[in-house]
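[1] Got a predicted structure plus its sequence, pasted below:
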Amino acid sequence: MLVQEIYDNLKEKFPEAVLEFIGTATGDPSTVVDAGQIYNICKYLRDQDGLEFDYLALLSGMDYKDKFGTVYHLYSLKYKHRFVIKTYLPKEDPSLPSVERIWKTANWHEREAYDMFGIKFENHPNMIRILCPYDWEGYPLRKDYVGQETYHGVRIPV
Amino acid sequence: MGFLNRLDDPFNAEGIILGKVEDLLNWGRARSDWYLSFGLACCAIEFMAVNASHFDLMRFGCIPRPSPRQADFIIISGTVTMKMAERIITLYEQMAEPKYVLSMGSCANSGGPYWEHGYHVLKGIDRVIPVDVYVPGCPPKPEAFLDGIVKLQKKINQQAIFKKRAKLAEEEKIIVND
Amino acid sequence: MERKFIEYDFGRVDSERMRLNVGPQHPSTHGVLRLEIELEGEIVTDVIPHIGYLHRCFEKYCEQMQYPQVIPYIDRLDYIASMNNEWPFVMGVEKMMNIQVPERVEYIRVIFAELNRIANHQIAVATFGMDAGAFTPFLYLFRDREMILNLFEHTSGARLLYNYFWVGGLAHDVPPNFKDTALNIIKTVRATNEEVMRLLMGNKIFVERTVKVGILPADVAINFACSGPVLRGSGVEWDLRKAQPYSIYDRFDFNVCVGSNEIGVIGDSWNRNIVRMNEMEQSCRIIEQAIAQMPNEGDVREKFPKKVRPPKGEIYCSAENPKGELGFYLVADGGNKPFRLKSRPTSFVNLAVLPEICKGYMVADLILILGSIDIVLGEVDR
Amino acid sequence: MGNFVFDLIGKNIVAALVICIIPLVFILPYALIAILGELKIGAWMQDRVGPMRTGWKGVLQPVAEVVKLLQKEDITPTIANKPLFNLAPFIVFIGAFAAFAVLPFSEKFIPSGINLGLFFVFAVGSFAVIGIVMGGWASNNKYSLLGAMRSVAQIISYELPAGMVFLSIATIAGTLDMQTIILNQSGPIWNWYIFGGPQGGAIKFLFIPFFVILFIVYLISSLAETNRTPFDIPEGESEIVAGYHTEYSGMKFAMFFMAEYANMYVVSAIIVILFLGGWSSPFGTSFMDGPIWGIFWMVGKAFFFVFVQIWLRWTLPRLRVDQLMYLGWKVLLPLSIACFMAIAFLAMIN
């Protein structure tokens, strides 16, 4: 199934939540959806006959400088088609529903997004840092991140 | 000079008896280096290759020990992060004296390729534990690593046990006298 | 005779549970993984993986480095299979910049990627055997891996981290005796594999240790987005080389190896490992075909762009790594540095399934299950 | 059954001391040779060369290790139970050492010729487990505790099949005295128990399969009792770090090490005594036989089984705890009991 068709299907089902279709000259097209509706949309994408996106390849947090975002790369092993969903989040207190209950693999990806960008996922069973130590300060992949001077008495910078 | 003089006071640190005993002790420590089987990053794979048949680290008498208590030296084989640094300090402290540290690869030496922007990388393991031998490379070739082992053995061979004791005792005397 | 395996009964015994830290320094956590496990006697009731002990700020680095400079850092992700790592990134940038690499480059890339796949699986099987207590197959496999590394070193100058696939081509041309060396390697690999099949995979003790241990059903594997031998061991025929043929993989005749009920049950540790053994054979077949078809003449550097500066846009490009699907989500803003480069780390995703499949087994099994997933901490923690 | 030392010095305290020291003098070089053998044989099986820079071809490697271990700091963890922690390695070693009291080296030399030799070995063989549990528990380390627990379960399980083997041999030999058991087998090679024992006639061939089974049962049990691969789960390196000796360093660790190697010799010697004619020459009483040749044959045969243990170590993977129990209780024990019954029956009608 082509990306355009999936987008049309989705737009029909969620006219309010599906915001924008970004088709670029180079690279993959993507669909921007409302962050609050992400759980419902993902559930629909997984369960709907003919779509059946049963494989969440990648969930990434993003910092677009003026806003945060998340990107979901979906596969269907059955139909071998892929789809990209994006959400945009405000700079202050970014949060959106978790898709952990739909794809278990999202558990660690969402923890990583929280660790790196401070994006909070609601209803996540274990929203703690994953890569950095649990008492790390700041969110390293934010564009305006300034590194810690010391950690537990050991100097970090060169 | 030389041999006859050393016979005069055989129990002096440089005398014939203690001198030879020291040589024996050093020989034992240098020739039987048990290392902690512990890998960190990319270098650990090269380190595994050093262990394997082609390079065979056991030729030098290096036998892997899983427990730090029984190990003589620890090989910091790869990038040390802030999260890991505390564990490495613990491991180092758990080892029994005399103990040695071999820093393998650029990351352990100085942070290596993660030198500049690595907010979570320790810039050199010598910031937290003392290092005896540095092996450069990213990752070092097995030959370089074996050279590091030979260097370490040379270093152990030249260590002063009784001289050091005498020196320490002298220093203590001075402190007491003061 | 019907095969019978030992089953143990996890009857309830009221006893105090013990919390045990396995790692970060432990002989068989394959690096600096820390598992916090809860034990009831010897039986594992809960596993909490703690990762990040090798978090080397890869994604931060990618944003600071120019495109060609990113490749060495990508090498250091899955440092066992660096050739394979570089490929999806290079492929992604080439797609963005619309570069069609020459035929000869594609063939060389395929050959090196498959050789590295063999090297990776050799380490995977070797360390898996070592987890079970068999030390000798480890050394036999490493001895053969040395031949592959020698070829890589001869070609790219490095034994482990190659920086060989560049955007638009390859860093160096292959050495003159390349074809013979590669064919020679295949011959040795096949001979050793036969030996390992007898010494390790066919060993009664080893079979009993691994069969019916850590069963991962197919639907759980898909839900956890596992890939590579972990997914195929569960019987799902999903190999990016066949499912979405990239590069020139559609020209080769090879099979996708999946787990079977032949000796174990689908999705157990033994099946995950036998998939790796079979994949080595398939890689040998691909290399043989590629060497036969490969053009002899051509410049591997002719399509190098003057400046690597992909236009504004984003792409997700993935390839079948030895451990599974490695993808890079590249967001370019038109500059000479990536705006964001997010990797889909195979081991990270595969490791997440560990707590799911090792509850109810013993400590010794936990180590084997971890070994059968075949993780690399450089990729888990990045 | 004259004792060579008593003949020489007379029955006095000096002789008793000399007799005590001889096994110790034997264990130390033997352990060095066995360690070197382990390293070198392992290397040879794995396409390596092994230690080669310490002395000629690395033969001094174990000596260097001993010199090194002597210098190592002796750590006792703060939270360990100090008396038990310090005592444990010695108890383990005493268990192994005590067994030497009744192991004959030759016709003329057995440290203590008590007529309950087999029983004594069986009794002190269980001594090691006390030391291991003490060490494992006193270390206050979870890995040590796991290793100790595994060790108890393992050694106790495998004592039973081993005991049945002892009983079978005692039944057929009519004695528990080691020297008598060996004397029964003296003469040509087919007098050894593995070839049916000294009795002649057709009934000998009925005995052979049972003795072979018992031989294999004891070989497996002996591996388990000495914690050797494939039964090295109490110190299973890839699972529980170093098992019961995780916290031990320096000479205390060396004691564990030495006890393990001493135990290897003990069980090998028992195999040789029970099944392979002990110190008797395979060429009958006429050729290469006698007290001095006896030492050669005894130690030589035992060294062969030490080699077998090393060989197995570098070949086989490790069993899991429940598989180990299964093998001990459900395979070896019924098998050995059945063989015992059969042998008792055959001995009765003979």
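    Thanks, I have the structure now.
[2] got a list of what residue 131 touches?
    Went with chain A since none was named. By Cβ atoms under 8 Å, 6 or more residues apart in numbering or on different chains, A:Leu131 lies in contact with A:112, A:115-116, B:120, C:51-52, C:55, C:381-382. Where you see a C-beta, it was placed from the backbone N, CA and C, and this is true even at glycine.
[3] nope, chain B please
    Contacts of B:Val131 (Cβ under 8 Å, 6+ apart): B:76, B:101-103, B:125.
[4] just to revisit the earlier point, out of the contacts of A:Leu131, which comes closest to D:Phe210?
    For the contacts of A:Leu131, the residue nearest D:Phe210 by Cβ to Cβ is C:Ile51; the value is 56.1 Å.
[5] which residues touch the closest one?
    Counting by Cβ under 8 Å, 6+ apart, C:Ile51 touches A:130-131, C:33-34, C:348, C:351, C:377, C:380-381.
[6] run the last query once more with 7 Å
    Taking Cβ atoms under 7 Å, 6 or more residues apart in numbering or on different chains, we find C:Ile51 in contact with A:130-131, C:33, C:380-381.
[7] most neighbours, which of the contacts of B:Val131?
    For the contacts of B:Val131, the largest number of neighbours (other Cβ atoms under 10 Å in any protein chain shown) sits with B:Ile76, at 33 neighbours.
[8] Could you report the pLDDT at that residue?
    Looking at B:Ile76, its pLDDT is 88.
[9] try C:Thr127
    87.
[10] State the next helix or strand along the chain beyond whichever helix or strand it is part of.
    In this assignment (DSSP states H and E), C:Thr127 forms part of helix C:103-131. Following helix C:103-131 in sequence order, the next helix or strand is helix C:136-156 (DSSP H and E).
[11] Quick check: which helices or strands does that next one pack against?
    If contacts are counted by 3 or more Cβ pairs under 7 Å, 6 or more residues apart in numbering or on different chains; DSSP states H and E, helix C:136-156 sits against helix C:103-131, helix C:178-196.
[12] Give me the distance between the longest one and the centre of its chain.
    Right, helix C:103-131. Here helix C:103-131 is found 8 Å from its chain centre; the criterion is Cα atoms, centre = their mean, to the nearest Å.
[13] Check which helices and strands it is in contact with.
    helix C:82-97, helix C:136-156, strand C:169-170, helix C:178-196, helix C:269-293, helix C:363-373.
[14] now do 6 Å
    Applying 3 or more Cβ pairs under 6 Å, 6 or more residues apart in numbering or on different chains; DSSP states H and E, one finds that helix C:103-131 contacts helix C:82-97, helix C:136-156, helix C:269-293, helix C:363-373.
[15] which non-adjacent residue is nearest D:Phe253?
    Excluding the flanking residues, the one nearest D:Phe253 by Cβ to Cβ, 6 or more residues apart in numbering or on different chains is B:Gln70, at 5.4 Å.
[16] what do you get for C:Val349?
    Nearest non-adjacent residue to C:Val349 (Cβ to Cβ, 6+ apart): C:Ala225, at 5.3 Å.
[17] dump the residue contacts of the residue lying closest to B:Lys123 once chain neighbours are set aside.
    Distances taken as Cβ to Cβ, 6+ apart place B:Gly111 nearest to B:Lys123, at 3.8 Å, with adjacent residues excluded. Contact analysis of B:Gly111 by Cβ atoms under 6 Å, 6 or more residues apart in numbering or on different chains lists B:121, B:123-124.
[18] Likewise for A:Asn107?
    Going by Cβ under 6 Å, 6+ apart, A:Asn107 touches A:Glu100.
[19] would it count as being in a strand?
    No - if the criterion is DSSP: H, G, I helix; E, B strand; the rest coil, then A:Asn107 is helix and not within a strand.
[20] where are the low-confidence patches of the chain?
    Went with chain A since none was named. Low-confidence segments of chain A, defined by pLDDT under 70: A:1.
[21] oops, chain C please
    C:1-15.
[22] need the residues of it near chain B, please.
    Neighbours of chain B within chain C, by Cβ under 6 Å from any Cβ of the partner chain: C:24-25, C:27, C:31-32, C:52-57, C:60-61, C:64, C:76, C:79, C:139, C:142-143, C:146, C:160, C:378.
[23] Among these, which ones are in helices?
    Residues of the residues of chain C next to chain B located in helices (DSSP state H): C:60-61, C:64, C:139, C:142-143, C:146, C:378.
[24] The helix or strand containing A:Glu12 vs chain C: in contact?
    A:Glu12 is part of helix A:3-13 when elements are defined by DSSP H and E. No - counting by Cβ under 6 Å from any Cβ, chain C is not contacted by helix A:3-13; separation bottoms out at 12.3 Å.
[25] Return the distance of that helix from the chain's centre.
    Computed by Cα atoms, centre = their mean, the chain-centroid distance of helix A:3-13 equals 19 Å.
[26] For that helix, list the C-alpha coordinates in PDB.
    Extracted as PDB, the C-alpha positions of helix A:3-13 are listed here (Å, rounded to 0.1, in the frame of the first residue of the first chain):
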ATOM      1  CA  VAL A   3       2.000   6.000   1.900                       C
ATOM      2  CA  GLN A   4      -0.600   8.300   0.300                       C
ATOM      3  CA  GLU A   5      -3.300   5.700   0.500                       C
ATOM      4  CA  ILE A   6      -2.500   5.000   4.200                       C
ATOM      5  CA  TYR A   7      -2.600   8.700   4.800                       C
ATOM      6  CA  ASP A   8      -6.000   9.100   3.200                       C
ATOM      7  CA  ASN A   9      -7.300   6.200   5.100                       C
ATOM      8  CA  LEU A  10      -6.100   7.700   8.300                       C
ATOM      9  CA  LYS A  11      -7.400  11.200   7.500                       C
ATOM     10  CA  GLU A  12     -10.800   9.700   6.900                       C
ATOM     11  CA  LYS A  13     -10.800   8.000  10.200                       C
END
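[27] would you list every one of the strands in chain B?
    B:34-36, B:63-65, B:73-77, B:100-104, B:133-135 (DSSP state E).
[28] closest to D:Ser281 out of those?
    Nearest to D:Ser281, of all these, is strand B:63-65, at 38.1 Å by Cβ to Cβ.
[29] Which strands and helices lie in contact with that closest one?
    Strand B:63-65 is packed against no helix or strand, with contacts defined by 3+ Cβ pairs under 6 Å, 6+ apart.
[30] In chain C, which residue is most central in space?
    C:Lys323 (2.3 Å; Cα atoms, centre = their mean).
[31] which residues touch that residue?
    Counting by Cβ under 6 Å, 6+ apart, C:Lys323 touches C:228, C:346-347, C:374.
[32] returning to what we had before: report the buried members of the residues of chain C next to chain B.
    Among the residues of chain C next to chain B, the ones that count as buried by 16 or more other Cβ atoms under 10 Å in any protein chain shown are C:24-25, C:27, C:31-32, C:52-57, C:60-61, C:76, C:79, C:139, C:142-143, C:146, C:160, C:378.
[33] Check the stretch 201-350 of chain C for the residue nearest chain B and tell me.
    With Cβ to the nearest Cβ as the measure, C:Lys337 is the residue of the stretch 201-350 of chain C nearest to chain B, at 11.9 Å.
[34] which residue is nearest the middle of chain A?
    Central residue of chain A (Cα atoms, centre = their mean): A:Thr70, at 3.1 Å.
[35] Let me know the average pLDDT across stretch D:140-148.
    Taken as a whole, stretch D:140-148 has an average pLDDT of 84.
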